[in-house]
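K.L.:
Here is the input, now give the coordinates:
(chains A and B)
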Amino acid sequence: MPNQAGKAYGLTVLCPLKQVDAEGKSVSIKIKNTLWDLQMPEDKITNEDSEKSVVTVRAPDFFFKHVPNTYLARFYILEDVFYEDYPYELEHLKSKYLVFTSNFYGDLEPYLKGMFENAEKEIKSIWQDCYGFDSKTINANSFADYIKKCQVETTFFFNGSVEPEPKNSPNAKARSLQEQLKSLYLKQEFSRFVFQNAHKKPEELLDAFRKFVQETQPEAEFPRWKAGGNDLKTIVEKG
Amino acid sequence: MSNINGKAYAMNLITPVYVHTGWLLLFFIPGLVLLVKCLSYFLGFPFGEGLGGLWAVLLAIAGVGLLLLGLARWIGIVNWLHQYLFWLAAATCFYFTTQANHQLWSAVVIGILGLALLIVGFLMLRNGITWLNRLIFWLAGLPAFQATSFGGLLTLSLIHYARWVIVRDKDFPCFAAEGQPREELKYGYMFFFSNFNGSWTQYVDSFSVAIPGGLNLLWKWNLGWHDAKVETPFNGYVTRNQIDTEFYYNSYPLASSNDVKSAKKVKRAITDELMANLDTISPEDFKKKFDKVITERQADLSKMEPTPVVSLAHEAIERRQSIQEFEQNELSTDKSNS
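P.N.:
Model (predicted):
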């Protein structure tokens, strides 16, 4: 199936947009603003000692971190198709489209239901002005059905994040996002361990490694990196 | 606009592809019939009735005309109106394929005409190849061809995930009951989505240098495509057909594609090798195993850090926060002085 490469799924969705919303405003501009607010939410910092007490800042924070098994996801607005100059013909789309793509681990139906269950508010705010989407009646099942109606089949899906692994290894299987985040955590911690301990005597090295295993729990689910974490100070999730 | 999140860049390209397939039947089938008729003369098989001299001359003129028009289309100096001339000429030729020859000169004329139709059919094939594009991708994705088709991508190791999606007008989702108009497009469109590490320039340049053959294979049949080897027109093509991403989520913004792959190897080395017999192993044996593992895995061991600019927005926030911290420090200093 061209949408999948192993257990990784490449979802491509084109959702037709209404031209204007109920208030007569441009839907494509409204969605762009919504997407910006969702990925860079406003935060107010209060300084009690200053007269300029409240400062508004924006920091990246993605609701997709709560959507299980999402590797990478994106949205953009397809306003029209491109013209390739003479002698080709000029043509236009009749509708604008919200393009949503996601690379995730697992099957489509449970992913979409999990997405709705973990991001219902955000989903409604993004899709509310799309044809075929009724934000008043939508639920996890109908959202999955709606997305499947808008899905276009991938022609070719390239997964550059996997490599063949030895068949006799217990780890020789596709990795879920959680496993990837655990592996990244271990790589970071083990690299630090090597830099700090590689020169030590055998007894000290063995003791240090046993302590490392106790702390990092390589075969347990936690600790691992947080999904979407971009700050090394706060990236470890203890579980 | 949010094309970047951490070490990943989101690229979106949309490029038009020819869709009409009627030309294939109109040119290839008559062309093949005429060639068979020509060969039948030389191989001695009876094939139809005799061909009169006048018809042979007309067909020869039609054949030369088709060749010229085909070449003109190839170099792009005529527009789509000439398609209708091709239809007319092809229909005429098809009619005369019911005639045949028992003379050398008419067999040669039919042979030329058949060849001309095949060539024009091939040129026209460029107009009808969303299915051919799909076939190329399907073949390229087969395990036997993957190394030759996408080996360059694996070697470059820049990409987390990439995908190509070819859609025609009938594939665009439509909710007609709600008043959405149906799309009517002459061309198909190939969407390309890539999640890669590094900057736009690094990515596009390395593609052009490292795997131009693979790019030409996949984009050759798209309108306006030139050649991936020549950087300036190639960069221009990418720029003209790119759309900015509005929202880009990356579950591991600090990691490159290579980090993800290395992490799996490191975890396997820890769990399968270093943790084996950990309670009973002697310090000396562990040291030997440890040295062996870090020698084998040295290319996979590195500490991940944020890139200098995680994103422009993030950079702006950091700048603002540092200004804010500075202002707060100044205020507290003023307060303590007063």
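K.L.:
pLDDT below threshold where in the stretch 151-300 of chain B?
P.N.:
Counting by pLDDT under 70, the stretch 151-300 of chain B contains low-confidence ranges at B:151-156.
K.L.:
That one: helices as residue ranges?
P.N.:
Along the stretch 151-300 of chain B, counting by DSSP state H, counting those that start in this stretch, helices occupy B:200-210, B:212-219, B:231-240, B:257-268, B:283-296.
K.L.:
gap between residue A:68 and residue A:177?
P.N.:
From residue A:68 over to residue A:177 the distance is 7 Å, taken as CB to CB, to the nearest Å. Any C-beta I mention is one placed from the backbone N, CA and C, and that applies to glycine too.
K.L.:
Residue B:258 contacts residue B:157, correct?
P.N.:
Yes - contact criterion CB atoms under 8 Å: residue B:258 and residue B:157 qualify, at 5.5 Å.
K.L.:
Contact partners for the closest residue to residue A:198 other than its chain neighbours?
P.N.:
Of all residues not flanking residue A:198 in the chain, residue B:294 sits nearest, at 6.4 Å (CB to CB, 6 or more residues apart in numbering or on different chains). Counting by CB atoms under 8 Å, 6 or more residues apart in numbering or on different chains, residue B:294 touches A:194, A:198, B:301.
K.L.:
just how off-centre is stretch A:148-159 within its chain?
P.N.:
The chain centroid and the centroid of stretch A:148-159 are separated by 17 Å, computed with CA atoms, centre = their mean, to the nearest Å.
K.L.:
From the opening residue of it to its closing one, how far?
P.N.:
One end of stretch A:148-159 sits 22 Å from the other (CA to CA, to the nearest Å).
K.L.:
Any part of that stretch near chain B?
P.N.:
Yes - Stretch A:148-159 is in contact with chain B by CB under 8 Å from any CB of the partner chain, via A:149, A:150, A:152, A:153, A:154, A:155, A:156, A:157, A:158, A:159.
K.L.:
Go through these and say which is closest to residue A:20.
P.N.:
For residue A:20, the nearest member of these is residue A:150. The distance, counting by CB to CB, is 20.1 Å.
K.L.:
Excluding chain neighbours, what is closest to that closest one?
P.N.:
Sequence neighbours aside, residue B:173 is the residue nearest to residue A:150 in space, at 4.3 Å (criterion: CB to CB, 6+ apart).
K.L.:
Return the residues in contact with that neighbour.
P.N.:
Residue B:173 neighbours (CB under 8 Å, 6+ apart): A:14, A:15, A:16, A:132, A:149, A:150, A:152.
K.L.:
Just say which of the helices of the stretch 151-300 of chain B is most tucked in.
P.N.:
helix B:257-268 (a mean of 22; mean count of other CB atoms under 10 Å in any protein chain shown).
K.L.:
now for it, which elements pack on it?
P.N.:
Secondary-structure packing of helix B:257-268 (3 or more CB pairs under 8 Å, 6 or more residues apart in numbering or on different chains; DSSP states H and E): helix A:177-197, strand B:159-167, strand B:188-197.
K.L.:
can you give me the angle the next helix or strand after the first one makes with helix B:283-296?
P.N.:
What that stands for is helix A:177-197. The C-terminal neighbour of helix A:177-197 among helices and strands, as given by DSSP states H and E, is helix A:202-216. Going by axes from the mean of the first three to the mean of the last three CA atoms, to 10 degrees, helix A:202-216 is angled at 70 degrees with respect to helix B:283-296.
K.L.:
Compute the mean per-residue pLDDT across whichever helix or strand comes after helix A:202-216, please.
P.N.:
Downstream of helix A:202-216, the next assigned helix or strand under DSSP H and E is strand A:224-225. For strand A:224-225, mean pLDDT is 96.
K.L.:
try stretch A:62-76
P.N.:
Average pLDDT, stretch A:62-76: 95.
K.L.:
Show me which residues of it are buried.
P.N.:
A:62-64, A:67-76 (16 or more other CB atoms under 10 Å in any protein chain shown).
K.L.:
In strands only, show me these.
P.N.:
A:70, A:71, A:72, A:73, A:74, A:75, A:76 (DSSP state E).
K.L.:
Any idea what the first one is bridged to?
P.N.:
Assessed by DSSP bridges, residue A:70 has beta-bridge partners residue A:104.
K.L.:
mind listing what it touches?
P.N.:
Residues near residue A:70 by CB under 8 Å, 6+ apart: A:64, A:102, A:103, A:104, A:111, A:115, A:177, A:227, B:249, B:251.
K.L.:
and of the residues you listed, the nearest to residue B:211?
P.N.:
residue A:103 (21.4 Å).
K.L.:
Please report how far that closest one lies from residue A:155.
P.N.:
Remark: distance between residue A:103 and residue A:155 (CB to CB) = 16 Å.
K.L.:
Next, count neighbours for residue B:111.
P.N.:
19 (other CB atoms under 10 Å in any protein chain shown).
K.L.:
So the closest residue to it other than its chain neighbours, which state does it fall into?
P.N.:
In this structure, residue B:111 finds its nearest non-sequential neighbour in residue B:38, 3.4 Å apart by CB to CB, 6+ apart. Here residue B:38 is recorded as helix under DSSP: H, G, I helix; E, B strand; the rest coil.
K.L.:
was I right about residue B:38 contacting residue B:117?
P.N.:
No - applying CB under 8 Å as the test, residue B:38 and residue B:117 come out as separate, 11.7 Å apart.
K.L.:
out of those two, which sits in the more crowded spot?
P.N.:
Taking neighbours as other CB under 10 Å, residue B:38 and residue B:117 compare with residue B:117 leading, 32 against 23.
K.L.:
Now name the helix or strand holding that one.
P.N.:
Assigned by DSSP H and E, residue B:117 falls in helix B:104-125.
K.L.:
pLDDT averaged over that helix - what is it?
P.N.:
On average, helix B:104-125 scores 69.
K.L.:
Give the burial count for the residue lying closest to residue B:203 once chain neighbours are set aside, as a bare number.
P.N.:
Spatial nearest neighbour of residue B:203, chain neighbours left out: residue B:196 (5.1 Å); criterion: CB to CB, 6+ apart. Residue neighbour count, defined by other CB under 10 Å, stands at 27 for residue B:196.
K.L.:
Quickly note the distance from the closest residue to residue B:15 other than its chain neighbours to residue A:65.
P.N.:
Of all residues not flanking residue B:15 in the chain, residue B:222 sits nearest, at 4.5 Å (CB to CB, 6+ apart). Applying CB to CB, the value for residue B:222 to residue A:65 is 36 Å.
K.L.:
next one: residue B:187
P.N.:
Using CB to CB, we find residue B:187 at a distance of 39 Å from residue A:65.
K.L.:
before we move on, what about residue B:227?
P.N.:
42 Å.
K.L.:
do residue A:140 as well
P.N.:
19 Å.
K.L.:
Isn't residue B:293 up against residue B:272?
P.N.:
No - if you go by CB under 8 Å, residue B:293 and residue B:272 don't touch, sitting 9.9 Å apart.
K.L.:
Helices of chain A, residue ranges please.
P.N.:
Secondary structure of chain A (DSSP state H): helices located at A:27-39, A:108-118, A:120-127, A:140-150, A:177-197, A:202-216.
K.L.:
Output those helices in CSV; the columns should cover mean pLDDT.
P.N.:
CSV is the format used below for these (pLDDT from 0 to 100):
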stretch, mean pLDDT
helix A:27-39, 95
helix A:108-118, 97
helix A:120-127, 97
helix A:140-150, 97
helix A:177-197, 95
helix A:202-216, 97
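K.L.:
any idea which of those is most buried?
P.N.:
Across these, the average number of neighbours (mean count of other CB under 10 Å) peaks for helix A:177-197, which reaches a mean of 21.
K.L.:
With residue B:289 as the reference, name the closest of the helices and strands packed on helix B:257-268.
P.N.:
Among the helices and strands packed on helix B:257-268, helix A:177-197 comes nearest to residue B:289, with 13.4 Å by CB to CB.
K.L.:
what is the orientation angle of that closest one with helix A:202-216?
P.N.:
For helix A:177-197 against helix A:202-216, the angle between stretch directions is 150 degrees (the same axes, to 10 degrees).
K.L.:
Please see if helix A:177-197 touches chain B.
P.N.:
Yes - Helix A:177-197 is in contact with chain B by CB under 8 Å from any CB, via A:177, A:180-184, A:186-188, A:190-192, A:194-195.
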